[in-house]
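> model the structure of this input:
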Amino acid sequence: MLTDSLLVLLLVILFILSLRQGWRPVDRSHHGRRKLALAPTHFPRTPRKPPWVKHEVLKLKALMPQAGCRAIAQVCNRRHGGRGMTIGKTYAHGSVRGAPGDRRPYRDPIPPRNH
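Take a look at the predicted model:
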């Protein structure tokens, strides 16, 4: 009899502690289901690149329309690697593909060289 009452008391204490530690206001969607509190999925290891890097990638793509992302990344790294800013193929691809309208200002005709 004593063990039954202790077991019930222990369960009540555990229940109260679990409510106290895990209590959060419940967000409900329009379907009435509980939204799960998700942890952030992106933890950047490096800071975001400055805007001039994206502009340089778009300018290179406008100057070399047939070049792929690998070639654009290599040329950009050769030109600006001394500043400590290098890019990868994935960044070049994301910059070029992400905003096709951004390349328009760089597509102005380049005057021919006088030899």
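
> for residue 7, see how far away residue 91 is.
Applying C-beta to C-beta, to the nearest Å, one obtains 60 Å for the distance of residue 91 from residue 7. The C-beta positions use only the backbone N, C-alpha and C, and glycine is treated the same way.

> out of the two, which sits in the more crowded spot?
Ranked by neighbour count (other C-beta atoms under 10 Å), residue 91 and residue 7 place residue 91 first, with 18 against 10.

> and whichever strand or helix holds that one, what does it pack onto?
Taking DSSP states H and E as the definition, residue 91 sits inside helix 89-98. Helix 89-98 sits against helix 51-63, helix 69-80, with contacts defined as 3 or more C-beta pairs under 8 Å, 6 or more residues apart in numbering; DSSP states H and E.

> could those helices go into TSV alongside mean neighbour count, distance to residue 14 and mean pLDDT?
Formatted as TSV, those follow (neighbours: other C-beta atoms under 10 Å; distance: least, C-beta to C-beta, whole Å; pLDDT from 0 to 100):
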stretch	mean neighbour count	distance to residue 14	mean pLDDT
helix 51-63	18	54	88
helix 69-80	17	56	93
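
> reformat those helices as TSV; add distance to residue 16.
Output for the helices and strands packed on helix 89-98, formatted as TSV (distance: least, C-beta to C-beta, whole Å):
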stretch	distance to residue 16
helix 51-63	53
helix 69-80	57
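
> looking at those helices, which is closest to residue 17?
Nearest to residue 17 among these is helix 51-63 (50.0 Å), distances taken as C-beta to C-beta.

> would you mind listing where this structure has pLDDT under the threshold?
The model of the chain has pLDDT under 70 over residues 1-2, 20-43, 99-112, 115.

> max-length helix in it?
helix 2-22 (DSSP state H).

> right, and residue 75 touches residue 59 too?
No - in this structure, residue 75 is not within contact of residue 59 by C-beta atoms under 8 Å, at 10.6 Å.

> now residue 50: phi and psi?
phi -70, psi 160 (degrees, to the nearest 10).

> so the closest residue in space to it that isn't next to it in sequence: helix, strand or coil?
Once flanking residues are discounted, residue 50 sits nearest to residue 85: 7.5 Å by C-beta to C-beta, 6 or more residues apart in numbering. Under DSSP: H, G, I helix; E, B strand; the rest coil, the three-state class of residue 85 is coil.
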